[in-house]
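In: generate a structure from the sequence data that follows.
(2 chains)
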Amino acid sequence: MRVRYAPSPTGELHLGSLRTVIFDWLTARGAQDGVFIVRIEDTDQSRLVPGATERLLEAMRWMGITPDEGVYLDENGKLAEKGEYGPYIQSQRLSIYREQADRLVEDGHAYRCFCTPERLEQMRAEQQANHLPPRYDRQCRSLTREESDRRAAAGEPYVIRHAIPDSGEVRFVDLIRGEITFQVAILDDYVLLKSDGFPTYQLASVVDDHFMKISCVLRGEEWIPSLPKNILLYQAFGWDPPAFAHVPVILGPDGKHKLSKRDGDVAVLDYQEKGYLPEALCNVLAFLGWSPGTEEEFFSREELADRFRLEKVQKSPAVFSFERLDFVNGWYIRHLPITKFLEYLYPRWEKAELMEAGKLAHEIILPDNLDRYLMAVAGAVQERMKHFDETEALTHFFLRRPEVTPELVELIIPKKSDRAEILTMYAQTVEVLQNIGKNWTTEGLEEAVYAYIEENGYKKGEVLWPIRAALTGEPASPGAFEMLSVLGREESLVRLQSVLEVI
RNA sequence: GGCGCUAUCGUCUAGUGGUCCAGGACGCUUGGUUCUCAUCCAAGAAAUCGCGGGUUCGAGUCCCGCUAGCGCUACCA
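Out: The predicted structure is shown next:
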C-alpha cells in the first residue's frame, strides 16, 4: 500500500487538507508495509508561495505525521527528499512530463494545439452566447503531423492536449462512493502540457502516481469530475490506474460552503498557537466523516490506524464543529499526565509575563519550592482548561497577587448584600484561618472553617465566596480550600489581610 | 446550460429488510455532587430517516422519479 499526499505549496495547511492527510496516513499505517509519501505539486508557477512547503511539512510534523518517503523536513528544518522514485518535487521532473507527453503525441493520444489564448477566449464567449457547453473545438486536432512538426520546429508556442475518444463510457469504482460512470463524449480535449513547458495537474499527477507506484489516490471530492480524464489518460499510456477514493469536503457552520477563513481559523498551525493538542485535532478530524461503527469516541493514533477503513468514510460533506474541538481538546488535556500538562503551561506563562527565565515575574510568598508549587497549580486548573490559550485567565492569581481594587471589593461584597454581615464573617473567618498553624492542609482547613460555619449557622457559600474572591480576584476559580492549600499559609493570609485593611 | 456528487436529531454520526414508535456524542435544558467555575453523575427536549411513487407480509435500509444543496465545466490545483 503506497499512499501519497500531494499538496501545492500555495499557502498554509488547511483543516480540510489536514483531514485528507490524516486519512492518507491512516490508510498507509493501517496496512502492513504501508508507505506514506509526500510529493510537492508546484506546477503553477504563478501561485507559488515561498516557504509554503516548509510550513506544510511543519504543520504535519506537529500533528505527528511524517513522510516515509518523498519530501520531508530534516533536523535543521530544511527540505530534503528520500526514496527511490524521486525527485518528489514536480518542478524538478519537467523532462519526464515532456517525454511522456511527446510519447502520447507520437501514439496519437495527444496533439499539439497552437491556438492562441485570444482565440480560445473568443471561442468560449461565442459558445456561452449560444448556450453551448464551453469546450475546445478541437481545431488543431485535425492538423497533419507534418504541419504540427513544422510549426513546432519554427518555434510557434503550443500546448499539448489529450485527444479524447469520440464515444464510450468510463466506469470506475471509487473506494468511498462505489461505481461512478461517465460518458466520454462530453469530455473536453483538456491541456496536458502548458506552453511554458510545465505539465498541468492532470498530466503530472497521473505520470507521477504511475512512476511512484502509488496504489491508492485519496483526494477531495472536487476532483471527481476529472476522474474520467485520468482514467482515459492511464489507458492512453497503457498503465493500470491506482485505486481512487474521493473524500467529502469539510463545511463551515452554514452547512453549505467549504470551511474558510471567515468561519474561524483554518490554518493548522493556528491551532498549535492557540493551544490545541495535536491528538485532539487528529481525533476530531478523523471522526469527521468517519466512524468506527461503535460508540467509542477517543482513539490514540495507533488505535485509529488500526480501526480506520476508507469504506466507512461518509459520502456527504460534514460541518466542522469548533465546540466539539473544545470538548475533545478538554478531554485530552484532562487526560494528560500532570507533568506533561505543566510543560504546556510554562511557555504561556512566559508569554503572559507571569514568568521570566524560569522564575516567577511577580513576588509572592511560596509555600514550597517553585517546581512543587507550580505542580500544585497545574493540578488545580487542569480539569478546567479547554485549550492552553486560557492559561493566563485560569492561573494568573497563582503567579501574581491580585491587586486590591474597588472592583475586588465589589466582588467580595456585592452592592445589594448586607455589607456589615459579610465583613464580620470575613474578618472572623480570617481569624479562624490565622489560628491554623501546622494543620494548613485541605482537610485541616475544611475542619476549622466548617466548624466556624456550623457554630454560627451560616451557609458555606456566604462564608467561602468572599474568601475565594479575595484570594483570586476572580468570579470563577478553584475552590476556596484548594486555593488556600495551594497558595500556602503565608501568601493566603497576606492576601486576606490586605483586603481587610481596605474594607 | 451540461455533467457529476450528496441527502438520519441544530451539529458529527450508528444503522446494509423485521430486535428502530431510530442508538451514541457535541451543544442545549433540568437535577445531583459542590463555596463560584470546571469536572463528574443522572435525567430531558431534540430526527413523520429531503419529497413522491414502487418492490415486499414488512423499508431509514432495495428500485425509480423529483426536489434541494454542493462541485466541476482554465495553458489553477
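
In: who's in contact with A:Phe114?
Out: Counting by CB atoms under 8 Å, 6 or more residues apart in numbering, A:Phe114 touches A:140, A:143, A:151, A:156-158. Where you see a C-beta, it was placed from the backbone N, CA and C, and this is true even at glycine.

In: any idea how far stretch A:153-169 is from the chain center?
Out: 40 Å (CA atoms, centre = their mean, to the nearest Å).

In: typed the wrong thing, it's stretch A:107-117
Out: How far stretch A:107-117 lies from its chain's middle: 41 Å, per CA atoms, centre = their mean.

In: next: stretch A:163-170.
Out: The answer for stretch A:163-170 is 40 Å, by CA atoms, centre = their mean.

In: kindly export that stretch (C-alpha atoms) in CSV.
Out: Only the C-alpha atoms of stretch A:163-170 are listed here, as CSV (Å, rounded to 0.1, in the frame of the first residue of the first chain):
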residue,chain,number,x,y,z
ALA,A,163,-7.2,13.6,-27.7
ILE,A,164,-10.3,12.3,-26.0
PRO,A,165,-12.0,9.3,-27.8
ASP,A,166,-15.3,10.2,-29.5
SER,A,167,-17.5,7.9,-27.6
GLY,A,168,-17.7,5.2,-25.0
GLU,A,169,-18.1,5.1,-21.3
VAL,A,170,-15.8,5.3,-18.3
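
In: go through stretch A:284-297 and flag the buried ones.
Out: Neighbour-count burial for stretch A:284-297 flags A:284-290, A:292 (criterion: 16 or more other CB atoms under 10 Å).

In: contacting residues around A:Phe341?
Out: If you count contacts by CB under 8 Å, 6+ apart, then A:Phe341 has A:333, A:378, A:382 around it.

In: residues of the stretch 351-500 of chain A that sit close to RNA strand B?
Out: Residues of the stretch 351-500 of chain A that fall close to RNA strand B, judged by CB under 7 Å from any atom of the strand: A:383-384, A:459-461, A:464-465, A:468, A:475-482.

In: which one of those is nearest to A:Ile65?
Out: Comparing these against A:Ile65 with CB to CB places A:Glu383 closest, at 28.9 Å.

In: and that closest one, backbone torsions?
Out: phi -80, psi -10 (degrees, to the nearest 10).

In: that one touches A:Arg334, doesn't it?
Out: Yes. Counting by CB atoms under 8 Å, A:Glu383 touches A:Arg334, with 5.3 Å between them.

In: do a quick rundown of the strands in the stretch 101-250 of chain A.
Out: Along the stretch 101-250 of chain A, counting by DSSP state E, counting those that start in this stretch, strands occupy A:110-113, A:159-162, A:169-174, A:178-183, A:191-193, A:216-220, A:243-247, A:250-251.

In: pull the residues that contact stretch A:415-427.
Out: Against stretch A:415-427 from outside (CB under 8 Å, 6+ apart): A:412-413, A:456, A:458, A:462-463, A:466-467, A:470, A:499-500, A:503.

In: on that earlier part again, from the residues of the stretch 351-500 of chain A next to RNA strand B, which two are the most distant?
Out: A:Glu383 and A:Lys459, at 25.2 Å, using CB to CB across these.

In: next, count neighbours for A:Thr472.
Out: 21 (other CB atoms under 10 Å).

In: could you do A:Val71 as well?
Out: 25.

In: surely it touches A:Arg39?
Out: Yes. The criterion here is CB under 8 Å, and A:Val71 meets it with A:Arg39 at 6.9 Å.

In: got the buried residues for the host helix or strand of A:Val409?
Out: Using DSSP states H and E, the element containing A:Val409 is helix A:406-412. Buried residues in helix A:406-412, counted by 16+ other CB under 10 Å: A:408, A:411-412.

In: which one of those residues is nearest A:Ala28?
Out: A:Leu411 (55.0 Å).

In: which residues touch the residue nearest to that closest one when sequence neighbours are not counted?
Out: Leaving out its chain neighbours, the residue that sits closest to A:Leu411 by CB to CB, 6 or more residues apart in numbering is A:Ala469, at 4.7 Å. Taking CB under 8 Å, 6+ apart, we find A:Ala469 in contact with A:408, A:411-412, A:475.

In: now for the contacts of A:Phe114, which pair is the farthest apart?
Out: Farthest pair in the contacts of A:Phe114, by CB to CB: A:Leu143 and A:Pro157, 14.6 Å.

In: neighbour count: the two, which is higher?
Out: A:Leu143 (17 against 13).

In: ok, back up a step: so which of the residues of the stretch 351-500 of chain A next to RNA strand B are in helices?
Out: If you go by DSSP state H, those have A:460-461, A:464-465, A:468, A:480-482 in helices.

In: adding pLDDT, write those out as CSV.
Out: As requested, those are exported to CSV (pLDDT from 0 to 100):
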residue, pLDDT
A:Lys460, 91
A:Gly461, 90
A:Leu464, 95
A:Trp465, 94
A:Arg468, 96
A:Ala480, 96
A:Phe481, 96
A:Glu482, 96
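
In: out of those residues, which comes closest to A:Lys258?
Out: Using CB to CB, these come closest to A:Lys258 at A:Glu482, 45.1 Å.

In: what angle separates the helix or strand hosting A:Trp25 from strand A:216-220?
Out: Assessed by DSSP H and E, A:Trp25 sits inside helix A:15-30. Orientation check (axes from the mean of the first three to the mean of the last three CA atoms, to 10 degrees): helix A:15-30 against strand A:216-220 gives 160 degrees.

In: now for the helix or strand following helix A:15-30, which elements pack on it?
Out: Remark: after helix A:15-30, the chain's next helix or strand is strand A:35-38, criterion DSSP H and E. Judged by 3 or more CB pairs under 8 Å, 6 or more residues apart in numbering; DSSP states H and E, the packing partners of strand A:35-38 are strand A:2-5, helix A:15-30, strand A:69-73.

In: go through these and pick out the most buried.
Out: strand A:2-5 (a mean of 25; mean count of other CB atoms under 10 Å).

In: and that one, how far out from the chain's middle?
Out: Relative to its parent chain, strand A:2-5 has a centroid offset of 19 Å by CA atoms, centre = their mean.

In: kindly report the same for stretch A:255-275.
Out: That offset, for stretch A:255-275, works out to 8 Å (CA atoms, centre = their mean).
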